[in-house]
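> what follows is a predicted structure for the sequence shown.
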Amino acid sequence: MKEVQLLGATGSIGTQTVDIIEEFPHDFRLTAVSARDSVSKIVEIGKRHDLDTIVMAAKHRSTIEKALPETTFISLEEGGLETVARDGRDAVLVNALVGSAGLTPTLAAVESGKDVLLANKESLVVGGELIKKAMKKTEARIIPIDSEHSALAEILAGNRIEDVEKLVITASGGSLRHLGKDELAAVTPKDALKHPNWQMGAKITIDSATMMNKVFEVIEAHHLFDIPYERIEAILHKESVVHALVHFKDGNVHAHMGAADMHIPILTALQGEERKPYRSLFDLARMGTLHFDPIDHERYPLFDLGLAVAKRGGLHTVTLNAANEAAVGLFLAEKISFNEIETLIKKALDHFQNDNHLTLKKILAHDQKVRKFIEDIVKQKVKTK
């Protein structure tokens, strides 16, 4: 039985991971979970599973210890995420956290030799170089949960990476794809959170609408598969049926197709080499026509900007990610407009210099500087109104 530690257990990916574990109770055992404040959901999970460890904000200690006295509580403030990531070497770590907060536990797990099933793409966006160095030392693996990267891994299994001409990942275009750029100024968070195909968390849904999510996925593919940026493409595909394609040097093109259901890549990551039986809602004949288009670079300006930053690498990618996280948070809080996400990211990239000599300490410190820079701009704007 495979032991599973789950960071971000109450979010979209976390909840669906619990679904899969409960569907295959003889194959997987949930041993540790984390969340920040979703006490009732964690208690429910704890009552259904024989958990060893729960990580939450310290203020919830008494409530959790009373409800689940047999389970060890470690607070986030005490470094609970990193503790779980380093403990239980025979377990796999599912990192379903949102944002750069996922980097430290990903790195800790890989340094300890533990395989990481990664939904937290920001780990590789801001710390890909550090993670890959650690992987070489310990031979730990990063197994992608993102639908596109899971699809690429499925296609590449049994093939030689040197035979690959290019990788292609698809993008739905997001919740606002029906709007022209001049119509985006009036968009509300409620509008932007209505993704047409996928059930996702708030932050990733907004990233999908700006196409920043696709930038992060290109960076992720670069690190996961050791392919240069020049040989990774993204195309628009509004139906989200084809998740990725691989062009091989001999002219063959392999495409991965499937339902827009994140349970499938989660199960794929968990199951290893033995394929488990799982319901399929996929019926290509009923779907009819599929559409593919190049990305409209005027409509999605952050895509080109993000790729330019990715190619420069270093601390600039940390600036990009931190500015984006801060700006998206401010938009969701209705403190800025949708179009100001792009404006704030550009201001941060113009303000902070790059540095290609990265350490974890430097990344974490810079992340906080960028967030404060963005927040200060918005505060100043409010004062001058």
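Structure's in. What do you need?
> now residue 125: which helix or strand?
Here residue 125 is covered by helix 122-138, with elements defined by DSSP states H and E.
> would you mark the buried spots in that helix?
Buried residues in helix 122-138, counted by 16 or more other Cβ atoms under 10 Å: 122-131, 134-135. In this view, the C-beta of every residue, glycine as well, is placed from N, C-alpha and C.
> closest to residue 12 out of the residues you listed?
Proximity of the buried residues of helix 122-138 to residue 12, judged by Cβ to Cβ, is greatest for residue 122, which lies at 15.1 Å.
> and the contacts of stretch 300-316?
Identification of contacts with stretch 300-316 by Cβ atoms under 8 Å, 6 or more residues apart in numbering yields 129, 210-212, 214-216, 218-219, 222, 229, 234, 295, 297, 317, 319-320, 341-342, 345-346, 349, 352-358, 362-363, 366.
> low-confidence ranges in this protein?
Applying pLDDT under 70 to the chain flags the ranges 196-199, 382-385.
> can you show me the helices along the stretch 201-350 of the chain?
Counting by DSSP state H, counting those that start in this stretch, the stretch 201-350 of the chain forms helices over residues 202-210, 212-225, 263-271, 284-287, 301-312, 315-332, 339-351, given from the N-terminal end onward.
> chain center to the shortest one, what's the gap?
With Cα atoms, centre = their mean, to the nearest Å as the basis, the distance from the averaged C-alpha position of helix 284-287 to the chain average is 29 Å.
> the fifth one now?
In terms of Cα atoms, centre = their mean, the gap separating the centre of helix 301-312 from the centre of its chain is 18 Å.
> now do stretch 351-365
Taking mean C-alpha positions (Cα atoms, centre = their mean), stretch 351-365 and its chain are 21 Å apart.
> ok and the lengthiest helix in the chain relative to helix 122-138, angle-wise?
Ordering each helix of the chain by length in residues (DSSP state H) puts helix 360-384 first. Helix 360-384 runs at 170 degrees relative to helix 122-138, counting by axes from the mean of the first three to the mean of the last three Cα atoms, to 10 degrees.
> and helix 360-384, what does it pack onto?
Using 3 or more Cβ pairs under 8 Å, 6 or more residues apart in numbering; DSSP states H and E as the contact criterion, the elements in contact with helix 360-384 are helix 103-111, helix 122-138, helix 315-332, helix 339-351.
> how about 7 Å then?
helix 122-138, helix 315-332, helix 339-351 (3 or more Cβ pairs under 7 Å, 6 or more residues apart in numbering; DSSP states H and E).
> can you redo those helices as TSV with distance to residue 263?
Rendered in TSV, the data for those read as follows (distance: least, Cβ to Cβ, whole Å):
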stretch	distance to residue 263
helix 122-138	22
helix 315-332	26
helix 339-351	30
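> quick one: closest of these to residue 291.
Closest to residue 291 of these is helix 339-351 (Cβ to Cβ; 25.8 Å).
> what comes up buried for the closest one?
Applying a neighbour-count criterion of 16+ other Cβ under 10 Å, one finds 340-342, 344-345, 347-349 buried in helix 339-351.
> list the contacts of that helix.
The set of residues external to helix 339-351 that reach it, using Cβ atoms under 7 Å, 6 or more residues apart in numbering, is 184-185, 210, 301-302, 309, 316, 319-320, 323-324, 327-328, 331, 370, 373-374, 377.
> so which elements touch the helix holding residue 125?
When contacts are defined as 3+ Cβ pairs under 7 Å, 6+ apart, helix 122-138 sits against helix 103-111, helix 212-225, helix 315-332, helix 360-384.
> do you know which of those lies nearest residue 203?
Within these, the stretch nearest residue 203 is helix 315-332; the backing value is 5.6 Å (Cβ to Cβ).
> tell me how far the closest one is from the chain's mean position?
Taking mean C-alpha positions (Cα atoms, centre = their mean), helix 315-332 and its chain are 14 Å apart.
> just want the angle from that helix to helix 202-210.
Helix 315-332 and helix 202-210 meet at an angle of 100 degrees, taking the same axes, to 10 degrees as the criterion.
> look up the residues forming beta bridges with residue 29.
Here residue 29 sits in beta bridges with residue 3, going by DSSP bridges.
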